[in-house]
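In: The following block contains a protein sequence and its predicted model.
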Amino acid sequence: MIGLPLDPTDPRERRRRHGFYAIAVGVLVTIIVLTTTNLVGYLRIVAAPVDKDICPLYDPIAPASFHKDNATVLDILYDKKYRKQSVKKLQGAVKIDTTIVDNQPDVDEAPEIWAKFQKIHDYLEEAFPLVYANLEVQKVNTYGLVFYWKGSEDLKPLMLTGHLDTVPIQKDSIGDWTYPPYDAHYDGEFLYGRGSVDCKNVVIAILESLELLLHKGFKPQRPILAAFGFDEEASGRHGASSIATYLEERFGHNSVYAIIDEGPGLLLDGLTDTIVAPPAVAEKGYMDIEVQVRTKGGHSSTPPDHTSIGILSELNYVIEQDPYEPVFTKKSPLLDYVQCMAVHDPKKKLGKLAKKAILQAGYNKVANSKVVKSLLQNKVISSLIRTTQAIDLISGGEKANALPESASAVVNHRIAIESNTSELKHHFTSRVIKVAKNHNLEVVAFGETVYSPKDSKGVIRVDAFGTPLEIAPLTPTSGSVYEYFAGVVRHVFEELVFPDYPYPIVTAPIIMPGNTDTKHYWNLTKHIYRSSPYFFNVLVDGGIHSVDEKILFDAHLQLHAFFYEYIQAVDTSKAG
């Protein structure tokens, strides 16, 4: 018998090869998955440990006086007679018209325009006699007010601030008010009127606290400053700017312990459904850019393909189709905020993966993108993690049958914490050049010719509109100064305002989307808190800058109680 060759497909050999093939295919699939998806990133999110040092919960801090006699602060919050007196004091301030508009001339140039502020000066002196009798009162640039209470120790002064001015009432909306805007009507719950929440309530709460401390015989170790500008709603060029110069000349650079100015109050956090205190520890930058398109004029019966208005319209379209990308880094206080919520989530509202993604968003790209995608769903939050742009002013043309020789627009920008005015100007100019190339136009940006084609048919000029403002220095969110702020918040709201609330009230830093008078005070201290500690959402319920501006009076008394306790709590070298 002729021998046959061995069968090369021996079942045992076949099984081994199939096993090798399966492993090879598995490895190949794994490589493809890992290189084309974010699986590794997700695995890292799941596997990484949680940093236990993120967002520590500071203990409540009460002043020593509270442990000896807590009746006074409880009267502020709950005594009906005291409430009635406080209502009357805030009403008196709200009834006085202190509206201003943009670009008012200097006080010395047009004193008649500013004379209305004398009335509120007179009122404050009448309403707070002990303050005026015992504190040094300095009038800066005529209508700015600085109160100085000398301390017995060589400590940096605490500075509390607000502003006396308000935005105007729009004439066509007066009929929409429930009560006339200068009647300061109190319905037993809310006090209505222009300035009731922005921010005469802050001014009155500060002065009420100082008046009461004087009445109680308080003698501070730490000096106290109260400073009130009179044109915050028009950038503070006359008021806070002059006050800042005065204070820096008198006390020096970095001479102030901390500044508390108007800002957000306590709110119910949407992530955790718990009460949180969010002081704004940073402000976005600000820059208005004017762009002007100049082309040849003529009769509109023989027009070019694109007029200056048409070209400007194209540029506006390009701008709006190119929003700035979100940026969410360790530099952003908003990252600190969401991480605080992830760490302090007593109701377990956040899933484990979401919580871990938030806690790793500062260094894990996949986690960061996941968190950013979620944040972008909220329009307000979205504006805090990117540079925003808004085309707010536009003009051009003189007559219907004449080609416009010029058309211009002003674009407002609020600059992200991670950026600056230089980056903004570069990016804006690049978009202008893109449009200019379509129409053979020269581009002069911020005083420099950056694009010059042959046979130019016109020019696009780009310039700053007003004075730009860089991003505010970040306030430290660790150390004794921050600890005392957070501790007094917990004391007032956990122990006095909401004694039955079962969860700790976390202080979590955020970004201020707009700018306050504090932009003039950067040289005085690095510890600036834009915060009005009361439980009231003024943006939702306060009618700020709008019809029916109002303050929940419980909230006003909470703010008063906070100032009263905070002034005493930081009256020690231990506070920093």
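Out: Happy to help now that I have it.

In: Low-confidence regions, this structure specifically.
Out: 1-52 (pLDDT under 70).

In: How is it divided into domains?
Out: According to automatic domain parsing, the chain comprises the domains 64-267+473-575, 282-464.

In: wait, which of those domains is closest to Tyr58?
Out: domain 64-267+473-575 (4.4 Å; C-beta to C-beta). For the C-beta atoms, the positions are set from N, CA and C on the backbone; glycine is no exception.

In: measure that closest one end to end?
Out: Using C-alpha to C-alpha, to the nearest Å, one end of domain 64-267+473-575 lies 13 Å from the other.

In: Which neighbouring elements make contact with the helix or strand hosting Glu290?
Out: Assigned by DSSP states H and E, Glu290 falls within strand 285-295. Counting contacts by 3 or more C-beta pairs under 8 Å, 6 or more residues apart in numbering; DSSP states H and E, strand 285-295 packs against helix 308-320, strand 406-415, helix 421-439, strand 458-464.

In: burial count for His545?
Out: 16 (other C-beta atoms under 10 Å).

In: residues near Leu375, how many?
Out: So Leu375, with other C-beta under 10 Å, has 18 neighbours.

In: residues in contact with it?
Out: When contacts are counted by C-beta atoms under 8 Å, 6 or more residues apart in numbering, Leu375 touches Pro326, Phe328, Leu334, Val338, Ile381, Ser382, Ile385.

In: Can you turn the buried subset of those residues into a selection I can paste into ChimeraX?
Out: With 16 or more other C-beta atoms under 10 Å as the criterion, this ChimeraX line picks the buried residues out of the contacts of Leu375:
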select :326,328,334,338,381,385
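
In: Need the contacts of Leu375 in TSV (columns: distance to Val459 and secondary structure).
Out: Formatted as TSV, the contacts of Leu375 follow (distance: C-beta to C-beta, whole Å; DSSP: H, G, I helix; E, B strand; the rest coil):
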residue	distance to Val459	secondary structure
Pro326	34	coil
Phe328	38	coil
Leu334	40	helix
Val338	46	helix
Ile381	40	helix
Ser382	35	helix
Ile385	36	coil
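
In: Identify the bridge partners of the closest residue to Trp149 other than its chain neighbours.
Out: The shortest distance from Trp149 to any non-neighbouring residue, by C-beta to C-beta, 6 or more residues apart in numbering, is to Ile224 (4.1 Å). In this entry, Ile224 is beta-bridged to Trp149, Leu158, by DSSP bridges.

In: Tyr186 too?
Out: In beta-bridge terms (that is, DSSP bridges), Tyr186 pairs with Leu191.

In: close enough to count as contact, it and Phe553?
Out: Yes - between Tyr186 and Phe553 there is a contact under C-beta atoms under 8 Å: 7.0 Å.

In: overlap in contacts of the two?
Out: With C-beta under 8 Å, 6+ apart as the test, Tyr186 and Phe553 both reach Val87.

In: Please name the nearest non-neighbouring residue to Tyr182.
Out: Lys95 (5.5 Å).

In: who touches the one you found in this structure?
Out: Tyr182, Asp183, Ala184, Gly193.

In: tell me the contacts of the most centrally placed residue in the chain?
Out: For the chain, the residue whose C-alpha lies nearest the mean C-alpha position (C-alpha atoms, centre = their mean) is Met512; its distance is 0.6 Å. Residues in contact with Met512, defined by C-beta under 8 Å, 6+ apart, are Gly263, Ala280, Ala282, Glu283, Lys284, Ala472, Arg530.

In: Spatially, which two of those are the most separated?
Out: The widest separation within these (C-beta to C-beta) is 13.7 Å, between Gly263 and Lys284.

In: ok, Ile471 - how many residues close by?
Out: 20.

In: what about the nearest residue in space to it that is not next to it in sequence, neighbour count?
Out: Take Ile471 and drop its neighbours on the chain: the residue closest to it by C-beta to C-beta, 6+ apart is Gly285, 4.3 Å away. Counted with other C-beta under 10 Å, residues neighbouring Gly285 total 22.

In: Help me confirm that Gly285 comes into contact with Asn420.
Out: Yes - with contact defined as C-beta under 8 Å, Gly285 and Asn420 form a contacting pair (6.7 Å).

In: and for the two, which residues touch both?
Out: Contacts common to Gly285 and Asn420, judged by C-beta under 8 Å, 6+ apart, are Glu470, Ile471.

In: Now tell me what touches the one helix or strand Val380 maps to from outside.
Out: Element membership of Val380 [criterion: DSSP H and E] is helix 379-384. By C-beta under 8 Å, 6+ apart, the residues outside helix 379-384 that reach it are Lys284, Pro326, Ser332, Leu334, Leu375, Leu376, Arg414, Ile510, Ile511, Pro513.

In: quick check, nearest of those to Ile61?
Out: Distances from Ile61 to the contacts of helix 379-384, taken by C-beta to C-beta, are shortest for Ile510, at 21.4 Å.

In: if we can go back for a sec, return the most buried member of the domains of the chain.
Out: Between these, domain 64-267+473-575 has the highest mean count of neighbours, a mean of 19, where neighbours are mean count of other C-beta atoms under 10 Å.

In: and it, how far from the chain's centre?
Out: Centroid separation for domain 64-267+473-575 versus its chain: 17 Å, with C-alpha atoms, centre = their mean, to the nearest Å.

In: ok, so what distance separates Tyr286 from Ala472?
Out: Using C-beta to C-beta, to the nearest Å, we find Tyr286 at a distance of 10 Å from Ala472.

In: which residue ranges form the helices in the stretch 151-300 of the chain?
Out: Along the stretch 151-300 of the chain, counting by DSSP state H, counting those that start in this stretch, helices occupy 200-215, 240-251.

In: With respect to Phe536, which of these lies nearest?
Out: Smallest distance to Phe536 across the helices of the stretch 151-300 of the chain (C-beta to C-beta): 9.9 Å, for helix 200-215.

In: Dump that closest one to PDB, keeping only the CA atoms.
Out: Extracted in PDB, the C-alpha atoms of helix 200-215 (Å, rounded to 0.1, in the frame of the first residue of the first chain):
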ATOM      1  CA  LYS A 200     -28.100 100.500  47.300                       C
ATOM      2  CA  ASN A 201     -29.000  97.500  49.400                       C
ATOM      3  CA  VAL A 202     -25.300  96.700  49.700                       C
ATOM      4  CA  VAL A 203     -24.400 100.200  50.700                       C
ATOM      5  CA  ILE A 204     -27.200 100.400  53.300                       C
ATOM      6  CA  ALA A 205     -26.300  96.900  54.700                       C
ATOM      7  CA  ILE A 206     -22.700  98.000  55.200                       C
ATOM      8  CA  LEU A 207     -23.600 101.200  56.900                       C
ATOM      9  CA  GLU A 208     -26.300  99.600  59.000                       C
ATOM     10  CA  SER A 209     -23.600  97.100  60.300                       C
ATOM     11  CA  LEU A 210     -21.200  99.900  61.100                       C
ATOM     12  CA  GLU A 211     -23.900 101.900  62.800                       C
ATOM     13  CA  LEU A 212     -24.900  98.900  64.900                       C
ATOM     14  CA  LEU A 213     -21.300  98.000  65.900                       C
ATOM     15  CA  LEU A 214     -20.800 101.600  67.000                       C
ATOM     16  CA  HIS A 215     -24.000 101.500  69.000                       C
END
